[in-house]
Structures are given as C-alpha cells and as structure tokens.
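Asker: just to be clear, the model below is a prediction. Sequence and coordinates:
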Amino acid sequence: MYSGFMVCEALDKSHRCFYVRRYREGDFEEVCHEHIPRSRMSADSAKAALQALVVKHSSWSDEHTLHSYMNKRAKKPPGNSNLNLRVEYPAEGVVRVSCCNSNIEAWVDEHVNK
C-alpha cells in the first residue's frame with residue numbers, strides 16, 4: 001500500500017529529493033526542497049544529511065543535539081530519540097526515509113530501481 005503523500009513530481013531516478021517542512025501556528029511551511037544527484041551522495045550520507053537538516057531547523061541546544069546522536073546503552077548522560085529514521089514507500093518504486101520531531105518533518109525520497 002502506498003501513501004502517495006507529497007511525492008515530488010520532479011523526482012527522477014538519478015536524484016534524491018530532500019524535503020523539510022516546519023509546523024507553525026496550524027500550518028506547514030516549506031523550509032528546504034533540494035534535489036541532489038545520487039552519484040554524489042551515498043545512502044548513508046543521505047540519512048546523516050537528513051538528520052542534520054532536522055537539527056539545523058530545530059533550534060536545539062548543543063547539549064540536546066549531541067544527546068540525540070547518543071545510543072541508549074547507559075542512563076547517564078541520557079540520550080534521546082529525536083533523530084530516529086523511518087522507512088516507507090509513498091509510491092510504487094519510491095522509498096522514503098523520514099525523520100521528525102515536534103515541529104520539523106523531513107524526508108528524502110529516491111527511486112528504488114536505478
């Protein structure tokens with residue numbers, strides 16, 4: 001089942017589409033929409049870039065940002081799970097990795113088959 005939610009019409013098989021939006025006062029506003037060549041960024045780098053975009057637009061403190069990257073092995077200092085990634089399939093042949101917090105929603109879409 002595909003959600004069909006906000007799949008970029010300009011997405012082609014040679015690019016990744018990064019999209020970030022902010023929720024403010026009952027509406028979403030676009031804060032980033034960029035197409036990056038797949039040949040210039042690995043899948044792991046795309047995930048890290050997605051998380052960096054969430055941090056950038058979240059206005060977190062340095063401490064909160066660093067704790068977001070920590071694992072959960074120990075209780076002190078506490079980690080948090082603000083940068084968890086989720087995978088879904090918004091359309092046939094398209095995979096989406098998303099990351100969000102209370103007011104920032106971000107995702108990167110790409111075609112599954114090159």
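Answerer: In hand now; what should we look at? Being a predicted model, the structure only gives us computed values, none of them experimental. Residues are numbered from 1 along each chain as shown.
Asker: all contacts plus neighbour counts: C-alpha atoms, from now on.
Answerer: Will do.
Asker: for Asn113, give me the pLDDT.
Answerer: Per-residue pLDDT puts Asn113 at 74.
Asker: residues in contact with the closest residue to it other than its chain neighbours?
Answerer: Excluding the flanking residues, the one nearest Asn113 by C-alpha to C-alpha, 6 or more residues apart in numbering is Gly93, at 6.8 Å. Neighbouring residues of Gly93 by C-alpha atoms under 8 Å, 6 or more residues apart in numbering: 111-113.
Asker: which one of the residues you listed is nearest to Gly26?
Answerer: Taking C-alpha to C-alpha as the measure, Gly26 lies nearest His111 of these, at 31.5 Å.
Asker: look up the closest residue to the closest one, ignoring the ones flanking it.
Answerer: Val94 (4.4 Å).
Asker: for the lowest-mean-pLDDT helix or strand in the chain, which outside residues touch it?
Answerer: Across the helices and strands of the chain, mean pLDDT, DSSP states H and E gives its lowest value to helix 62-68, namely a mean of 84. Taking C-alpha under 8 Å, 6+ apart as the criterion, the residues outside helix 62-68 that touch it are 55, 77-83.
Asker: and the longest helix seen in the chain, what does it pack against?
Answerer: In the chain, assigned by DSSP state H, the helix with the most residues is helix 43-58. Where contact means 3 or more C-alpha pairs under 8 Å, 6 or more residues apart in numbering; DSSP states H and E, helix 43-58 is packed against strand 15-24, strand 94-100, strand 104-111.
Asker: tabulate the contacts of Gly93 (CSV), appending distance to Ala10.
Answerer: What follows is these, written out as CSV (distance: C-alpha to C-alpha, whole Å):
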residue, distance to Ala10
His111, 12
Val112, 16
Asn113, 16
